[in-house]
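> Sequence and predicted model, in that order:
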Amino acid sequence: MNVFKAVDLSIGYKGKTLFTDLNFELKTGTLTALLGSNGIGKSTLLKTISGLLDKQQGKLLINEQNVDAFSVHEFAQMVSVVLTNENVNKELSVYELVKLGRQPYTNWFDKLSEQDELLIENALNDCEIIDLKNRKLAQLSDGQLQRSLIARAVVQDTPFIFLDEPSTHLDLYHKVRLLKLLRKLCANHTKCILFSTHDLDLALQLSDEIMLLKDEKFYHNTTNNLINQGVFDRFFNTDDIVFDKERKQFVIL
């Protein structure tokens, strides 16, 4: 089992602190949803633990090793990231995008090995885009592009995958398909996947664990434990929306 740990972590940007003293562990084999309102700091947290933003204080550890001591290549072999509205060359084919995930192990000029090609083929199959491998990214739907970006992260062959709102712009059917894909990757490939989302009902029904940023408080536990603790009972601070614990979803009165 691989473990990603934050110890007394403080996050923010441009001199503004959003959250302090965050302590959590993320373990392989677990799908975790990061929830919170717009602007509260979900993307900041994801980018900080992904190494894209500097942390303000605290430590980040992978298997008890401080990530500050990792080289760029070493970190890229442990953590892969998919950002919202990621800027990619739409003239690339799906195969060309996905194979970029092997760069931490080779480089742009190295020929891919048979093992590299096998990883790519397996990822294309797992993400159900093998029939799209030669299609240009510009020809893809939003859902197909998200699956292609996730396949690239899978090919990077890291124990930890961090996704910033991967279900944005998808309809309900494709949101469900995407989250079920993430569950399958965690279970079948022993990945730890952390994804931010505004799809509360789907996250509560399909995630193993929840990380919640709300009212300057931070919660992290199994989904069932947080539900039983009543964390979602007054989530919206209104009598018009109530939480149904049995169905794990919000109901409008």
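Sure, I can see it.

> residues contacting Ile49?
4, 6, 9, 60, 79, 162, 194 (C-beta atoms under 8 Å, 6 or more residues apart in numbering). For the C-beta atoms, the positions are set from N, CA and C on the backbone; glycine is no exception.

> so what's the third one closest to, chain neighbours aside?
In space, Leu9 comes closest to Gly58 once its chain neighbours are excluded; the distance is 3.6 Å by C-beta to C-beta, 6 or more residues apart in numbering.

> can I assume the one you found sits in a helix?
No: under DSSP: H, G, I helix; E, B strand; the rest coil, Gly58 falls outside any helix and is assigned strand.

> Spell out which strands sit alongside the helix or strand containing Leu34 in the sheet and which way each one runs.
Using DSSP states H and E, Leu34 falls within strand 31-36. Each strand paired with strand 31-36, and its direction, by DSSP bridges: strand 192-196 (parallel), strand 209-214 (parallel).

> so how far is the helix or strand just after it off the chain centroid?
As assigned by DSSP H and E, the chain's next helix or strand after strand 31-36 is helix 42-49. In terms of C-alpha atoms, centre = their mean, to the nearest Å, the gap separating the centre of helix 42-49 from the centre of its chain is 10 Å.

> Just the angle for helix 42-49 relative to strand 209-214, thanks.
Here helix 42-49 runs at an angle of 120 degrees relative to strand 209-214 (axes from the mean of the first three to the mean of the last three C-alpha atoms, to 10 degrees).

> list the buried ones in helix 42-49?
42-49 (16 or more other C-beta atoms under 10 Å).

> Pipe the residues you listed into JSON lines and attach pLDDT and distance to Ile227 per row.
Output for those, formatted as JSON lines (pLDDT from 0 to 100; distance: C-beta to C-beta, whole Å):
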{"residue": "Lys42", "pLDDT": "94", "distance to Ile227": "20"}
{"residue": "Ser43", "pLDDT": "93", "distance to Ile227": "25"}
{"residue": "Thr44", "pLDDT": "95", "distance to Ile227": "26"}
{"residue": "Leu45", "pLDDT": "96", "distance to Ile227": "22"}
{"residue": "Leu46", "pLDDT": "96", "distance to Ile227": "23"}
{"residue": "Lys47", "pLDDT": "95", "distance to Ile227": "28"}
{"residue": "Thr48", "pLDDT": "96", "distance to Ile227": "27"}
{"residue": "Ile49", "pLDDT": "97", "distance to Ile227": "25"}
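
> what's the closest of those residues to Arg247?
Nearest to Arg247 out of the buried residues of helix 42-49 is Lys42 (C-beta to C-beta; 24.6 Å).
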